[in-house]
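S.K.: give the three-dimensional model of this entry:
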Amino acid sequence: MNKRNIHVKNMENIFYPKSVAILGANRVVGTVPYDLLDNVLKSDFQGVVFPVSPKEPFIKGVKTYKYVLDIPDPVDLAILVYAGSVCHLALDQCGKKGVKAAIIISAGFKETGAEGLKRELELKEIADKYGISFIGPNCLGVINTDPLSNLNASFARKMPREGNIAFLSQSGALCTAVLDYAQGKHIGFSKFVSFGNKADISEIDLLYYLKDDPKTKVILLYLEEISDGIGLMNAAKEIIADTGKPILILKSGRTTEGAAAAASHTGSLAGSDQICDAALRQAGMIRCNTIEEMFNLAIAMAYQPLPENNRVAIITNAGGPGVLATDSAIQENLRLAKFSDETTAIFKKTLPKTANIKNPVDVIGDARADRYNIAITSALKDENVDSVFVILTPQSMTDIETIAEEIVSVSKESNKPIYTSFMGEADVASGIDILQQNRIPHYILPESMSHASARAFKFSEY
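M.R.: The predicted structure is shown next:
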């Protein structure tokens, strides 16, 4: 069995361990070792936890062990939070114990220079000797929201909600910001991995693991450097061809200055961005420019079916935003759907005489939930329509929450994607909350909605 297959096999112990040892745990609140143990215990982890601490007999009411070798039971996963200078000793003991998977949180390796690189290579040598697969070093950790595991093996502030989006990141600090961003938008994750210096397990190994993960529908990847371009391209092509899972990538270091910053952050080296861009596109990966764009696309692909074609119906209660949505849709190479005679007849019969029954459909500013329901349902049933954009502006009579609930209900009855834009902030917040909690893609601006829908269609073509 080659190293990559061993990694994929051992990663079951990382994501679904029955026992976890935390090496270097302490009782100092606000430190990484304490917070990590606290997170594992609070996440309702479905296994047993063994804190390893040379000084403390108990931490948080849990018995500790001086060394990992003192633990009487098997250990599936070791999490190392010791100082970087002694991690090699702890990993060697893990090898003697028979541990096959580890997460090395500790920093002080290749990102610090030549001495750190030497320590990192020593870790790799020990891991290869004992057949250990490890994530890190210099990482935030790993989160698995699957109820079969419920593992928060990280020092992130909170456990994210369960979802079908996997997030892989070379930057740990970015992970904490992403978790906070996602929580505000009710975005859940299947797996969440900060892989740091990737001295052993790389993003490619993680991609192959996620290929067969039934909990993951969309994969997000943040990289500061690509160390094995051919391997990454081959993995992406195979995953997309075999599973249809989109891979969205945010690759930093586009500029000379950005590449230099990446090198000082994780000891990374960056190549030509133009070559990188072409290679990612050839492999079928979707390159994003910002975190916001990445998640705008992710929710479109994770929450809704992919559009079968590019014909869109726009439903709005305000003419101006309808025009903006039309412009942005056309600019994104989408087409305005031409309604069938049957759909047009329904609109003519049920909508006010002042309503615009051509695309974009303006249901007029005083529209309530029933009018939105008729327009959206009829558009979705039309064979000339592939996706529906729903725009709402808050008028004094607009029943925002009820309209959001109607959209959720209608969406469940259709196999066509719905994208929404409740424009504003304070007045529409409760409606947006309903949409996001029920996995309806929402965008503050129609332009973002058009862009996400267009990229989803382009991927479905690929």
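
S.K.: D76: what's it in contact with?
M.R.: Residues counted as contacts of D76 (CB atoms under 8 Å, 6 or more residues apart in numbering) are N13, P17, K18, S19, V20, G47, V99, K100, A101. Using the backbone N, CA and C atoms, a C-beta is placed for each residue, glycine as well.

S.K.: which residue packs closest to it, ignoring adjacent ones?
M.R.: Excluding its sequence neighbours, the residue lying closest to D76 (CB to CB, 6 or more residues apart in numbering) is P17, at 3.6 Å.

S.K.: buried ones only from the contacts of D76, please, as a ChimeraX command.
M.R.: Written as a ChimeraX command, the selection of buried residues from those, which uses 16 or more other CB atoms under 10 Å, is:
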select :13,17,19,20,99,100,101
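
S.K.: what average pLDDT does the helix or strand hosting L168 get?
M.R.: Under the criterion of DSSP states H and E, L168 resides in strand 165-169. Within the predicted structure, the mean pLDDT of strand 165-169 is 97.

S.K.: same check, this time on stretch 234-246
M.R.: The predicted model gives stretch 234-246 an average pLDDT of 96.

S.K.: what about it, distance to the chain center?
M.R.: Between the centre of stretch 234-246 and the centre of its chain there are 17 Å (CA atoms, centre = their mean, to the nearest Å).

S.K.: check stretch 136-154 too.
M.R.: Using CA atoms, centre = their mean, the mean C-alpha position of stretch 136-154 is found 14 Å from that of the whole chain.

S.K.: please renumber so the chain begins at 221
M.R.: OK, 221 is where the count begins now, so the last one is stretch 356-374.

S.K.: in that stretch, which residues are buried?
M.R.: Residues of stretch 356-374 classed as buried by neighbour count (16+ other CB under 10 Å): 356-366, 369-374.

S.K.: and that stretch, C-alpha only, in PDB?
M.R.: These are the backbone C-alpha positions of stretch 356-374, laid out as PDB (Å, rounded to 0.1, in the frame of the first residue of the first chain):
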ATOM      1  CA  GLY A 356       0.300  19.800  10.800                       C
ATOM      2  CA  PRO A 357       2.400  21.000  12.400                       C
ATOM      3  CA  ASN A 358       1.500  24.700  13.000                       C
ATOM      4  CA  CYS A 359      -2.200  24.300  12.600                       C
ATOM      5  CA  LEU A 360      -5.500  25.100  14.300                       C
ATOM      6  CA  GLY A 361      -6.700  21.500  14.200                       C
ATOM      7  CA  VAL A 362      -9.600  19.400  12.900                       C
ATOM      8  CA  ILE A 363     -13.400  19.500  13.300                       C
ATOM      9  CA  ASN A 364     -15.800  16.800  12.300                       C
ATOM     10  CA  THR A 365     -19.500  17.700  12.800                       C
ATOM     11  CA  ASP A 366     -20.900  14.200  11.900                       C
ATOM     12  CA  PRO A 367     -22.900  13.100  14.900                       C
ATOM     13  CA  LEU A 368     -21.200   9.800  14.800                       C
ATOM     14  CA  SER A 369     -18.000  11.600  15.900                       C
ATOM     15  CA  ASN A 370     -18.700  15.200  17.000                       C
ATOM     16  CA  LEU A 371     -15.000  15.900  17.300                       C
ATOM     17  CA  ASN A 372     -13.700  19.500  17.800                       C
ATOM     18  CA  ALA A 373     -10.000  18.800  17.900                       C
ATOM     19  CA  SER A 374      -9.100  22.400  17.500                       C
END
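
S.K.: the helix or strand where A565 lies packs against which elements?
M.R.: Under DSSP H and E, the secondary-structure element containing A565 is helix 561-570. Using 3 or more CB pairs under 8 Å, 6 or more residues apart in numbering; DSSP states H and E as the contact criterion, the elements in contact with helix 561-570 are helix 589-601.

S.K.: can you list contacts of the helix it packs on?
M.R.: Contacts made with helix 589-601 from outside it, assessed by CB under 8 Å, 6+ apart, are listed as 533, 535, 537, 557, 559, 563, 566-567, 570-571, 581, 583-584, 605, 608, 610, 612, 619, 622-623, 625-627, 630, 633-634, 636, 638.

S.K.: next: stretch 561-581.
M.R.: For stretch 561-581, the surrounding residues in contact (CB under 8 Å, 6+ apart) are 533-536, 539, 542-543, 545-546, 556-559, 582-584, 591, 594-595, 598-599, 601-602, 604.

S.K.: mark which of the residues you listed are part of helices, please.
M.R.: G539, G542, V543, A545, T546, R591, I594, A595, S598, A599, K601 (DSSP state H).

S.K.: which ones are touching the third one?
M.R.: Taking CB under 8 Å, 6+ apart as the definition of contact, the neighbours of V543 are P580.

S.K.: quick one: low-confidence ranges for the stretch 471-620 of the chain?
M.R.: In the prediction, the stretch 471-620 of the chain carries residues with pLDDT under 70 at positions 473-492.

S.K.: show me where it has strands.
M.R.: Taking DSSP state E, counting those that start in this stretch to define them, one finds strands in the stretch 471-620 of the chain at 506-507, 531-536, 555-556, 581-582, 607-612.

S.K.: got those as CSV, with mean neighbour count and distance to L394 columns?
M.R.: CSV is the format used below for the strands of the stretch 471-620 of the chain (neighbours: other CB atoms under 10 Å; distance: least, CB to CB, whole Å):
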stretch, mean neighbour count, distance to L394
strand 506-507, 19, 17
strand 531-536, 27, 33
strand 555-556, 16, 37
strand 581-582, 24, 41
strand 607-612, 28, 31
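
S.K.: distance to N516 added to those, as JSON lines?
M.R.: What follows is those, written out as JSON lines (distance: least, CB to CB, whole Å):
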{"stretch": "strand 506-507", "distance to N516": "11"}
{"stretch": "strand 531-536", "distance to N516": "16"}
{"stretch": "strand 555-556", "distance to N516": "21"}
{"stretch": "strand 581-582", "distance to N516": "24"}
{"stretch": "strand 607-612", "distance to N516": "14"}
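
S.K.: closest one to S391 among these?
M.R.: Go through the strands of the stretch 471-620 of the chain one by one with CB to CB and the one that ends up closest to S391 is strand 506-507, at 17.0 Å.

S.K.: listing partners with orientation, what would you give for the closest one?
M.R.: strand 467-471 (parallel) (DSSP bridges).

S.K.: then the strand it pairs with to CSV, C-alphas only?
M.R.: Once side chains and other backbone atoms are set aside, the C-alpha atoms of strand 467-471 remain, and they are given as CSV (Å, rounded to 0.1, in the frame of the first residue of the first chain):
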residue,chain,number,x,y,z
ILE,A,467,-13.9,22.1,-5.6
LEU,A,468,-13.6,25.9,-4.9
ILE,A,469,-10.1,27.2,-4.3
LEU,A,470,-8.8,30.4,-2.9
LYS,A,471,-5.1,30.6,-3.8
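
S.K.: what sits up against it?
M.R.: Counting by CB under 8 Å, 6+ apart, the neighbours of strand 467-471 from elsewhere in the structure are 427, 438-444, 446, 456, 459-460, 493, 496, 500, 504-511, 514, 517-518.

S.K.: list buried residues within those.
M.R.: Buried residues within the contacts of strand 467-471, defined by neighbour count using 16+ other CB under 10 Å: 427, 438-444, 446, 456, 459-460, 493, 496, 500, 504-508, 511, 514, 517-518.
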